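Visitor: sequence first, predicted coordinates after that:
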Amino acid sequence: MATFEEQTECVVEALFSDLLGDDESDCRSLETDSGEPMRLARDPPTQFDPVVVASRLRRMGDQCNMDFERVSSEALVEVLKGKMEKFGAAVDSLSRCWSDQNPELVYERAFLCVSVKLLIHVAKKVPTVVRPSHLIEVINGNSQVRNYIEACGGWENLDN
């Protein structure tokens, strides 16, 4: 069984593989429309599959409707200029703001949505500065988000 950190790394690497591919549907097509991996009723519970989890994360990022170019945040301005050392601070600030504006959205879920969406945005804007380690570090470094994922039953049970 891989550690949480190792699983996070696998998920983010799978997400990056999907992002770097030309066809956005590649990763998403691995799941059924229900959002659950395909399995027969007699099969054991689904094992950890980073590609399936990356697909869920990508869909979570798609739910983030923030226009990063219009948000006022010092850390975000730095990130949009390619200064990725501020990525974690920007994600945290934006997540708190978004979850405050949407009380039904818990901070941890907002954090995951915003981190994926911002990473995709920066990858399109300044592709040379984006590395998987940026997302891996912000997720692994946030104990609140880690506890949330673990409370869901781990990455493989992170719902969508």
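Guide: Yep, it's here. Remember, it's a predicted structure, so these values are computed and weren't measured experimentally.
Visitor: if I look at Gly21, what pLDDT would I see?
Guide: Among the per-residue scores, Gly21 shows a pLDDT of 70.
Visitor: distance of it from Ala54?
Guide: Noted for Gly21: a distance of 11 Å to Ala54, by Cβ to Cβ, to the nearest Å. In this view, the C-beta of every residue, glycine as well, is placed from N, C-alpha and C.
Visitor: more neighbours: those two, which one.
Guide: Higher neighbour count among Gly21 and Ala54: Ala54, with 25 against 11, using other Cβ atoms under 10 Å.
Visitor: give the contact list for that one.
Guide: Shown in contact with Ala54 (Cβ atoms under 8 Å, 6 or more residues apart in numbering): 11-12, 14-15, 17-18, 27.
Visitor: state the phi and psi torsions of the closest residue to Phe48 other than its chain neighbours.
Guide: Computed as Cβ to Cβ, 6 or more residues apart in numbering, the closest residue to Phe48 that is not its neighbour in sequence is Glu156, at 4.5 Å. Main-chain torsions, Glu156, degrees, to the nearest 10: phi -70, psi -20.
Visitor: again, but for Glu9
Guide: According to degrees, to the nearest 10, Glu9 has phi -60, psi -40.
Visitor: equivalent analysis for Val106, please.
Guide: Taking degrees, to the nearest 10 as the convention, Val106 sits at phi -70, psi 150.
Visitor: surely it touches Tyr148?
Guide: Yes - counting by Cβ atoms under 8 Å, Val106 does reach Tyr148; the two are 7.3 Å apart.
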